[in-house]
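> Predicted model, plus sequence, below.
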Amino acid sequence: MLRIQRLTKQIPGGPKVLDQVSFEAQPGDFIAIKGSSGSGKSMLLKCLSLQENWTEGSYYFDGTDVFKQGIMAKRKVRQQVAYLEEKPFLFPTKTGLKNVIIGSVSQTPAWRRWTGMIRNDDYMGAMEMIEKRGLIDKAHQKASTLSGGERQRMAVARALVHGAKVIAADEPVTGLDPHTADQVLSDLKALCRDQGVIVIAVLSQGDWAERFADRIIGLNAGKLVLDVKGRRLTEREKQLL
Ligand SMILES: Nc1ncnc2c1ncn2[C@@H]1O[C@H](COP(=O)(O)OP(=O)(O)OP(=O)(O)O)[C@@H](O)[C@H]1O
């Protein structure tokens with residue numbers, strides 16, 4: 001479904017922040033990314049969602065060689081690989097529902113966001129997705145009043161409504177209390193299991209990666225130094241990060 005080969009990102013006139021990173025992911029995978037500060041975790045997610053240009057490398061998405069196929073293939077990746085920042089942006093004065101309908105900058109065309117046009121189907125689809133995320137009683141609440149965990153889950157609902165097949169979540173549980181963090185990650189895990197969504201999440205703190213991910217990828221100074229499936233990291237492996 002998603003395969004990256006030798007992804008390299010060089011900041012113009014600056015350092016190489018990703019260096020020959022390769023891995024692949026299949027529907028239903030929950031992959032955690034770990035690594036120390038500055039190791040390139042956020043940059044990896046931004047490159048996966050094409051928020052950042054690549055310096056080198058090949059990207060195969062859903063059977064397509066993205067960089068050989070041109071603009072339509074890139075548009076598909078931008079729509080289907082949703083990048084969620086640590087604190088996803090929601091229009092604060094609009095309701096959760098309206099935010100979900102409008103969509104994020106990378107997934108929804110500008111004209112749609114500015115006109116805010118809503119079809120009946122959009123409304124029903126958004127409400128259904130919000131309900132599935134357990135937020136039905138928050139749908140009509142202004143986004144500025146949602147808690148950190150509710151914002152995360154609302155942003156996931158928004159991404160899915162607009163066609164996301166991959167959720168690239170950057171520190172989705174940082175700053176959340178343990179109960180809320182558990183809820184956010186359980187929700188993401190259910191998406192993998194029930195809908196075949198791929199989740200690639202930076203989970204650098206605590207043991208969230210070990211508890212929720214099927215696989216842990218480790219970065220150190222932009223290089224992939226670990227790719228461990230179905231088990232906890234050993235002490236020696238932790239020291240590589
Ligand atoms: N636009 C940029 N210009 C220059 N350097 C950049 C730019 N974006 C990222 N970097 C550098 O690339 C490196 C990797 O950044 P990245 O944000 O991916 O790290 P990270 O592993 O997510 O760190 P943290 O855990 O602190 O968020 C860092 O050294 C950062 O300073």
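Received it, and whenever you're ready, just let me know what you need.

> now could you export just the CA positions of the strand or helix carrying residue 76 as CSV?
According to DSSP states H and E, residue 76 maps onto helix 71-80. Coordinates of the C-alpha atoms in helix 71-80 are reproduced here as CSV (Å, rounded to 0.1, in the frame of the first residue of the first chain):
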residue,chain,number,x,y,z
ILE,A,71,0.3,16.0,-10.0
MET,A,72,-2.7,13.7,-9.7
ALA,A,73,-0.7,11.1,-7.8
LYS,A,74,0.6,13.7,-5.5
ARG,A,75,-2.9,15.1,-5.0
LYS,A,76,-4.1,11.6,-4.1
VAL,A,77,-1.3,11.2,-1.5
ARG,A,78,-2.2,14.6,0.0
GLN,A,79,-5.8,13.6,0.3
GLN,A,80,-5.2,10.1,1.6
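
> list the buried ones in it?
For helix 71-80, a neighbour-count test (16 or more other Cβ atoms under 10 Å) marks 73, 76-80 as buried. Where you see a C-beta, it was placed from the backbone N, CA and C, and this is true even at glycine.

> other SSEs contacting it?
The elements that helix 71-80 packs onto, with contact taken as 3 or more Cβ pairs under 8 Å, 6 or more residues apart in numbering; DSSP states H and E, are strand 56-61, strand 64-65, helix 66-69.

> strand partners of the next helix or strand after that helix, parallel vs antiparallel please.
Toward the C-terminus, helix 71-80 is succeeded by strand 81-84 as the next helix or strand (DSSP H and E). For strand 81-84, the paired strands and their directions (DSSP bridges) are strand 166-170 (parallel).

> Need the residues that contact the following helix or strand past the partner strand.
Heading C-terminal from strand 166-170, the first helix or strand you meet, by DSSP H and E, is helix 178-195. Taking Cβ atoms under 8 Å, 6 or more residues apart in numbering as the criterion, the residues outside helix 178-195 that touch it are 28-30, 133-134, 147-149, 152-153, 156, 160, 167, 169, 172-173, 176, 197-199, 201, 203, 208, 211-212.

> which among the buried residues of helix 71-80 gets closest to residue 227?
The shortest gap between residue 227 and any of those belongs to residue 77, at 22.0 Å (Cβ to Cβ).

> what sits against that closest one?
For residue 77, counting by Cβ under 8 Å, 6+ apart, the contacting residues are 49-50, 59, 61, 66.

> Just put these in JSON lines and tack on pLDDT, neighbour count and distance to the ligand.
What follows is the contacts of residue 77, written out as JSON lines (pLDDT from 0 to 100; neighbours: other Cβ atoms under 10 Å; distance: Cβ to the nearest ligand atom, whole Å):
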{"residue": "49", "pLDDT": "96", "neighbour count": "23", "distance to the ligand": "13"}
{"residue": "50", "pLDDT": "96", "neighbour count": "21", "distance to the ligand": "15"}
{"residue": "59", "pLDDT": "97", "neighbour count": "21", "distance to the ligand": "18"}
{"residue": "61", "pLDDT": "96", "neighbour count": "22", "distance to the ligand": "21"}
{"residue": "66", "pLDDT": "96", "neighbour count": "20", "distance to the ligand": "21"}
